[in-house]
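# Build me a model from this:
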Amino acid sequence: MWFRSHRRRETPPVGGGPVPAEPQAWSDSGVADEVEAFLHGRLVERLTAAVRTLPAWSALNRVAHADHCELLSGLGDDPSVGRPRRRLPWAETERFLAARLLAAGGGVPDGVRRVQSETLVPLELSMIDRVAAEGLGAADVLVAAAEKMDSRGSHA
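Have a look, this model is predicted:
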């Protein structure tokens, strides 16, 4: 499978038409690595290391996919490899949400995974579209996640 590269050739084609992009192997595109980072709650780390803008919905990525031990050890700092750890703008809210997740999951790994898969992951996926459409920021995303967990608990 090939993906078109975003780079353009130096010389335009004869006839002045659009410049065709050179094909790029999917394995060289970085898409698989980004998907893996998303599924493991490491998207913020990957985008930060690549010096890319963090979409607001990515603030929920670590909490939605972190394992029980990660939640217990605390979240909220920039996990960039090879860089000094810096405080993320939503660090405090992220830690607060992680604590709420642990409580909602009964403090046990299976309970935490259940809340993540039933509540946070679907919310994370819906936020990908909602952030742009509604102009939400990272704090808004995390507050929505806390509210979703609260409403989940009142219906259980």
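# Leu120 touches Arg100, doesn't it?
No. Leu120 is beyond contact range of Arg100, at 10.4 Å (criterion: CB atoms under 8 Å). For glycine as for every other residue, the C-beta is placed from the backbone atoms N, C-alpha and C.
# neighbour-wise, which of those two wins?
Neighbours per residue, other CB atoms under 10 Å: of Leu120 and Arg100, the larger number sits with Leu120, 24 against 17.
# Now that one: closest residue in space that isn't a chain neighbour?
Spatial nearest neighbour of Leu120, chain neighbours left out: Ala64 (3.9 Å); criterion: CB to CB, 6 or more residues apart in numbering.
# Check the burial of that neighbour by counting its neighbours.
A count of nearby residues for Ala64, using other CB under 10 Å, gives 25.
# wait, it sits on Ser126?
No. Using CB under 8 Å, Ala64 is not in contact with Ser126; the gap is 11.5 Å.
# low-scoring pLDDT stretches of the protein, where are they?
Filtered on pLDDT under 70, the chain yields the residue ranges 1-29, 75-87, 153-156.
# can you give me how far the lengthiest helix in it is from the chain middle?
The residue-count maximum for a helix in the chain (DSSP state H) belongs to helix 138-155. Taking the mean of its C-alpha atoms, helix 138-155 sits 17 Å from the chain's own mean (CA atoms, centre = their mean, to the nearest Å).
# quick one: contacts of it?
Helix 138-155 is contacted from outside by 54, 56-60, 63-64, 89-90, 93-94, 96-97, 100-101, 104, 115, 118-120, 123, 127, 131, 136, using CB atoms under 8 Å, 6 or more residues apart in numbering.
# switch to 10 Å and redo it
For helix 138-155, the surrounding residues in contact (CB atoms under 10 Å, 6 or more residues apart in numbering) are 44, 54-61, 63-64, 88-90, 92-94, 96-97, 100-101, 103-105, 115, 118-120, 122-124, 126-127, 130-131, 134, 136-137.
# Go ahead and build a PyMOL selection from the buried members of the residues you listed.
Buried residues among the contacts of helix 138-155 (16 or more other CB atoms under 10 Å), as a PyMOL selection:
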select buried, resi 44+54+55+56+57+58+59+60+61+63+64+88+90+93+94+96+97+100+101+104+105+115+119+120+123+124+127+130+131+136
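# which residues of this structure fall in helices?
Assigned by DSSP H, the chain shows helices spanning 26-29, 31-39, 43-49, 61-65, 68-73, 91-104, 109-115, 121-134, 138-155.
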